[in-house]
Structure formats: structure tokens, C-alpha cells
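J.: Sequence and predicted structure below; questions after.
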Amino acid sequence: MNAGRNGHGPIYCLEGISKSYPDVVALAPLSLEIRREERVAIVGPSGSGKTTLLHMLGGVIQPDQGRVVIDGRNMASMASGREKAGLVGMIHQQFDLVPRLSVLHNVLAGRLGYWSLWRSLISLISPQERHLATEALRKAGIEDKISQRTSRLSGGEQQRVAIARLLVQDSQVILADEPVASLDPTRSEDIVRLIREIAEESGKTLVASLHSVPLVRAHFTRVIGLRKGTLAFDLPVTQVTDDILTELYDLEGNRDGVLSPAS
Ligand SMILES: Nc1ncnc2c1ncn2[C@@H]1O[C@H](COP(=O)(O)OP(=O)(O)OP(=O)(O)O)[C@@H](O)[C@H]1O
Ligand SMILES: [Mg+2]
């Protein structure tokens, strides 16, 4: 497990980050902190900026203005893949696995940030650190699939492969963008529970966008509501009422509809 460089400070400080595209403000300036071991759900209607925010947290896109400070360091000036790999790992809605490769190789892709180019190439022929992949697949509940071609797996099984890849990456933060959007309710519950257990057991921070209110309530500690790129609310999960959530989704199109915690 990663110990964390600063140890005690917040894992994230977002300092007035914003992102615009020619036609739309994807995220208006946003400042907030996320503490270590929090499990934050990001909710909001389609187009409200959830993916944009997660991509900035992961350093996939840079904010137009402001800074993302992670573990005391400016995300934008983080040069090495290795440094970033130890900090943030991501699961996407569309499984970003390589379908024609085996499950084993897809899981070991979580180690690429740590390996030299040479070792990465060798691993394609002679898989490196295989024991890490075996252990991660066992935890993810699909160790029997290790040699299968990934394209043969069901959606839920592929998401477990993505989770095993996160396990071998062992980053301090897990980001998940609608990780269960294409799964049935039972599979969704299993997958979110698994991600939550991984985060909880090894003291990781979890930030995920989700549309399922029951899953948010069952597995997260804090809820950030976004609407049209603006922060609508930021509350402990225990204070998020059904009314607040209904309003967040129902008010789409109403220009006065930005929620405040008091509304
Ligand atoms: N690369 C891009 N170019 C232009 N506009 C973009 C781009 N990426 C996002 N946007 C716009 O920014 C806004 C926020 O998009 P984002 O993907 O963050 O929303 P979201 O909350 O994740 O939506 P969904 O629930 O549908 O995934 C949307 O209006 C979207 O059209
Ligand atoms: Mg999205």
C-alpha cells in the first residue's frame, strides 16, 4: 500500500479549476478539498460536468484556470508516469481494456506506469509480476479467467478485470466514471461494493460518478451534486435527502434551478 507523501493533508485541493469548450462551460470555477479515505459520489444530469471533473482529478485533461493539487503536488507539473501511477487510477464506463489480449495482460497493464519500456515489452512474451495479477484477479473474484481472451468475458466480468488492474496499480486514489452504467442492478451492487471494499481496506480515496441513488447511499460518505457545470451541493451522504436529489435532476432546463444545501 502507498503510504502517501504528505500523510495528513487533504489528498486533493481543487483551486478554482474550470473548463470551457467553444459552446459550453463544462465546469465553472470550482474549489474544494477531498480528504484521504473519503468516498465521494459525483451526481448530476447528463452534461453537468461529472466526466470533466473526474478527468481533471485524474490529470487526463488540464483545467483552463486553477490548479489540481494532489498529495501536495500540482497535477499539471507532474512529469513522470510512475509518480502519477502511484497516485491515481481510473475505471471508465466503457471498459478500456484491450479485447484481444488475455485477461492477464490487461491486468498487468496496471503495472506499466512502474515498468521500464524494456520490461513492458518483455512482459508481452513473458508476463512480469504474474503473482500480482493472480492475487488481484482472486480478490476481484475471477481468477479462473486469467488466460481467457478478454473479449469473451461478460460486461460485469470485464469490469472486474478493470478492478484487478486497479489493484495491481495500487494508487492512492481510485476514480470511477459511471463504473456500472452498463450493468444490471445486481451486478452493479456487486461491483460498487467491491470497489468500495478495496478503497476501504487499503485506505484509498474513492471518487466516482454514479446515477444510482441506492448505491450512492450504501457506499459513499459524501455527495457532490453538479448541474450545468456548477456546484449544486456538497454534503455528507447522511444529509442528502430525496428532495435534494429529485430537484437536481428535475430542474434541468430551469435557469434558476441551482440547488443550495438549504433548499
Ligand atoms: N471534448 C469536448 N468538446 C466539446 N464539448 C465537450 C467536450 N467534453 C465535454 N464537453 C461538454 O461539456 C459538458 C460537460 O460534459 P461531461 O462529459 O463532463 O458531462 P457528464 O456530466 O459526464 O455527462 P454524462 O452523464 O452524459 O456522462 C457537456 O455539455 C459536454 O457536451
Ligand atoms: Mg460522463
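T.: Now that the structure is in, tell me what you want to look at. Quantities reported herein were computed from a predicted structural model and do not represent experimental measurements. Numbers count the residues shown, from 1 in each chain. Ligands and ions are numbered 1, 2, ... in the order given.
J.: CA atoms for contacts and neighbours, from now on please.
T.: Will do.
J.: What residue, apart from its backbone neighbours, is nearest residue 160 spatially?
T.: With sequence-adjacent residues excluded and distances taken as C-alpha to C-alpha, 6 or more residues apart in numbering, residue 160 is closest to residue 140, at 5.6 Å.
J.: do you know how far the one you found is from ligand 1?
T.: Look at residue 140 and ligand 1: by C-alpha to the nearest ligand atom, to the nearest Å, they are 25 Å apart.
J.: ok, now residue 187?
T.: Counting by C-alpha to the nearest ligand atom, the gap from residue 187 to ligand 1 is 20 Å.
J.: doesn't residue 156 make contact with that residue?
T.: Yes - using C-alpha atoms under 8 Å, residue 187 makes contact with residue 156 at a distance of 6.4 Å.
J.: Would you agree the residue nearest to residue 160 is in contact with residue 158?
T.: No - between residue 140 and residue 158 there is no contact under C-alpha under 8 Å: 10.5 Å.
J.: how about the strands in this structure?
T.: 12-21, 24-34, 39-43, 65-70, 73-74, 88-91, 173-177, 205-209, 222-227, 230-236 (DSSP state E).
J.: ok, back up a step: who has more neighbours out of residue 187 and residue 156?
T.: Set residue 187 next to residue 156 and count neighbours by other C-alpha atoms under 10 Å: residue 156 wins out with 19 against 16.
J.: What residues are bridge-paired with the residue positioned nearest the centre of the chain?
T.: The centre of the chain sits closest to residue 175, judged by C-alpha atoms, centre = their mean, with a distance of 1.3 Å. Residue 175 has these beta-bridge partners by DSSP bridges: residue 90, residue 207.
J.: Just give the number of residues close to the closest residue to residue 84 other than its chain neighbours.
T.: In space, and not counting its chain neighbours, residue 84 is closest to residue 78: 7.0 Å by C-alpha to C-alpha, 6+ apart. By other C-alpha under 10 Å, 13 other residues sit near residue 78.
J.: Select, out of the strands of the chain, the one closest to ligand 1.
T.: Ligand 1 lies closest to strand 24-34 among the strands of the chain, at 3.9 Å (C-alpha to the nearest ligand atom).
J.: State the mean pLDDT of the closest one.
T.: Regarding strand 24-34, the rounded mean pLDDT is 97.
J.: That one: partners in the sheet, and parallel or antiparallel?
T.: strand 12-21 (antiparallel).
J.: which parts of the partner strand are buried?
T.: Judged by neighbour count using 16 or more other C-alpha atoms under 10 Å, the buried positions of strand 12-21 are 12-19.
J.: I figured residue 195 was touching residue 163, is that so?
T.: Yes - counting by C-alpha under 8 Å, residue 195 touches residue 163, with 7.2 Å between them.
J.: Looking at the stretch 151-263 of the chain, what residue ends up closest to ligand 1?
T.: residue 229 (6.7 Å).
J.: ok, residue 203 - how many residues close by?
T.: The burial count for residue 203: 17, using other C-alpha under 10 Å.
J.: show me what contacts the residue nearest to residue 35 when sequence neighbours are not counted?
T.: Distances taken as C-alpha to C-alpha, 6+ apart put residue 10 closest to residue 35, at 4.3 Å, once the chain neighbours are dropped. For residue 10, the contact set (C-alpha atoms under 8 Å, 6 or more residues apart in numbering) comprises 33-36, 71.
J.: List buried residues within the residues you listed.
T.: 34, 36, 71.
J.: tell me which of those residues is nearest to residue 115?
T.: residue 71 (22.2 Å; C-alpha to C-alpha).
J.: Please tell me how far that closest one sits from residue 10.
T.: To residue 10, residue 71 is 7 Å away according to C-alpha to C-alpha, to the nearest Å.
J.: rewinding a little: what's the distance between the residue nearest to residue 84 and residue 40?
T.: Residue 78 is 24 Å from residue 40, by C-alpha to C-alpha.
J.: Same question for residue 23.
T.: The gap separating residue 23 from residue 40 is 29 Å, by C-alpha to C-alpha.
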